[in-house]
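[1] Provided below are the primary sequence and the corresponding predicted coordinates.
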There are 2 protein chains.
Amino acid sequence: MAQLLRVQNFTVSSDGVGAGAEQSLDRPFGHVDPERLFAWAGATASWPGRTDPGGSRGLDDYFTRDFAHNIGAEIMGRNKFGPQRGPWDDLEWQGWWGDEPPFHTPVFVLTHHQRPSITLADTTFHFVDGDPATVLDQAREAAQGKDVRLGGGVSTVRQFLDADLVDTLHVAVSPVKLGSGLRLWESPDELLDRFELEVVPSPSGVAHHLFWRK
Amino acid sequence: MAQLLRVQNFTVSSDGVGAGAEQSLDRPFGHVDPERLFAWAGATASWPGRTDPGGSRGLDDYFTRDFAHNIGAEIMGRNKFGPQRGPWDDLEWQGWWGDEPPFHTPVFVLTHHQRPSITLADTTFHFVDGDPATVLDQAREAAQGKDVRLGGGVSTVRQFLDADLVDTLHVAVSPVKLGSGLRLWESPDELLDRFELEVVPSPSGVAHHLFWRK
C-alpha cells in the first residue's frame, strides 16, 4: 500500500479563506474567528477537544474520527505551530498545542530557523528546513509505512499542491463568508485538472469537498 | 469513553431487503446477488477485497475505511458464518471467510449449537449461545475497551435493535429493488423514536443512513 499524503478536515469559508491576516499569539487565525469555521467539527462526538460525552455521530463525525486513521506523521507550516517570525527567540514557548497535542505522532514543522525537537506527551515536533519533497521523504520515513497528514495552514497546503505531492484533500467549506484573509483557492474547480472531486453537503451546513488524484 | 455497539456498512435494497431467501453454500445471500448490493463498497480504495491499487477515495471510501476503526470484536449471526442449520455436522468446513477473514478480531457467532473456537490468521471465531445482552458483554470484554461491531445479518441486527442494544447504525440503501427476502425494515422511520438520523446521498447512488442514539 502506498503511503499517501492526505489533507484532512481543512476548513475554509465559502469564499475560500482558511485563516485571517495579522496572526498573533492570542489570535492564531488572525482576524478570523476559528469557532465559526470549525463549528461543524466541534459538534461531533469524535472532536478531540470534546470534554462532555455528547456530540453528533452523523456524517461530520466520520470526518473528525478519520483524522488520525492510518496517519503516522504530520507536516505543518510554522504558523500552525506559533506566531513567531524569523529566528526563534523564545525556546521556552512550546507552541499552541498544549501539553497533550492532538497529533500523537512525529510532526514536521517547516521553518528556515532550526531549533531542537520538542516532545510533548506522544507528539514530537521536529523543525525542518527543506523543499516539500525532501520534507515529505522525512515524514514518510517517520510514519513507518502509514500515511502522512498535511496539516496546513493555507500556504503550506498551496506549496505542496504546487509541487504536486498531495494525494487526497478533504476541505470542509463552511457557510461563512469572510471576504479577506489567506485564501486556499478562488474556486475548487482549479484542482479539477489533477483531482477527482465529490462535493457532499452535510446537514450541518458545510460542504465536504473530497479530492483524490486522477 | 463508552464501548459502542456499531452496525457498519450494512447494505439493503431500496425496499429494505438485506439478503435473499434460500441461503445455500454457493449462495450466501440466497436469491439476491450481493454484487449488486455491494457495488458501492467494491468501488472504493479501502474495500478489503480489492486486489488492484485503484478505487475511489470519495464519500463511500470513508465508510469502507471506517469498518475496522476502533473495533475490537464482532458479533454475527450464524448465517453470516455458514449456511448450516441445526447441529454442526461438518467441523472441517470453517466458514465463508477463507484463510484470512476480514475481521482481524475475535468474532462471536450466535448459535444454539456449540462447537470449538476456530482461529484463522488474526480472526478467532467463538460460537456462543446466549441472549443479546449476554453475548454483548462477552464481546465487550474481548474488545478490550474498543467498540463492538454488529455484523449482521438482518435477523441479528433486528434482534439487537429489539433489545435496544445498538448505539450507532450505518445502513447503505442501494438503488436496487429486490421485492422479496429478509427485510431490515419497512421504512427507516421505524427507528426515529430512538435514533437521530442523517441521510446522505452518495454520488454512487446509495443513500447512507446514519443513526445514532438520541
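    Ah, there it is.

[2] tell me the spacing between the residue most central in space within chain A and A:Val157.
    Central residue of chain A (Cα atoms, centre = their mean): A:Gly151, 2.7 Å from the mean position. Computed as Cβ to Cβ, to the nearest Å, the A:Gly151 to A:Val157 distance reads 9 Å. Bear in mind the C-beta positions are built from the backbone N, C-alpha and C, glycine included.

[3] quick revisit: from chain B, how far out is the residue nearest to the centre of chain A?
    Per Cβ to the nearest Cβ, to the nearest Å, A:Gly151 is found 19 Å from chain B.

[4] was I right about that residue contacting A:Ile75?
    Yes. Under the criterion of Cβ atoms under 8 Å, A:Gly151 makes contact with A:Ile75 at 6.5 Å.

[5] okay, now A:His208: neighbour count?
    24 (other Cβ atoms under 10 Å in any protein chain shown).

[6] once you drop chain neighbours, what's closest to it?
    A:Val200 (4.5 Å; Cβ to Cβ, 6 or more residues apart in numbering or on different chains).

[7] so who does that neighbour touch?
    A:59, A:207-208, A:210, B:58-59, B:200, B:202 (Cβ atoms under 8 Å, 6 or more residues apart in numbering or on different chains).

[8] give me the three-state assignment for it.
    strand (DSSP: H, G, I helix; E, B strand; the rest coil).

[9] for A:His208, same thing?
    A:His208 ends up strand, using three-state DSSP.

[10] can you name the residues bridging to it?
    Here A:His208 sits in beta bridges with A:Ala172, A:Val200, as judged by DSSP bridges.

[11] buried set for the strand or helix carrying A:Ala41?
    In this structure, A:Ala41 is located in helix A:34-42 according to DSSP states H and E. Neighbour-count burial for helix A:34-42 flags A:37-42 (criterion: 16 or more other Cβ atoms under 10 Å in any protein chain shown).

[12] is there proximity between the next helix or strand after that helix and chain B?
    Going down the chain from helix A:34-42, the next helix or strand is helix A:59-65, by DSSP H and E. Yes. Applying Cβ under 8 Å from any Cβ of the partner chain, one finds helix A:59-65 in contact with chain B at A:59, A:62-63, A:65.

[13] thinking again about what came up before, how about the helix holding A:Ala41 as PDB, C-alpha atoms only?
    Presented in PDB, the C-alpha positions along helix A:34-42 are these (Å, rounded to 0.1, in the frame of the first residue of the first chain):
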ATOM      1  CA  PRO A  34     -12.000  29.800  14.300                       C
ATOM      2  CA  GLU A  35     -15.100  28.800  16.200                       C
ATOM      3  CA  ARG A  36     -17.300  30.000  13.300                       C
ATOM      4  CA  LEU A  37     -15.200  28.000  10.800                       C
ATOM      5  CA  PHE A  38     -14.900  24.800  12.900                       C
ATOM      6  CA  ALA A  39     -18.400  24.700  14.400                       C
ATOM      7  CA  TRP A  40     -19.200  21.700  12.200                       C
ATOM      8  CA  ALA A  41     -16.300  19.700  13.700                       C
ATOM      9  CA  GLY A  42     -16.800  20.800  17.300                       C
END
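
[14] who are the packing partners of it?
    Packing contacts for helix A:34-42, counted by 3 or more Cβ pairs under 8 Å, 6 or more residues apart in numbering or on different chains; DSSP states H and E, involve strand A:5-12, helix A:59-65.
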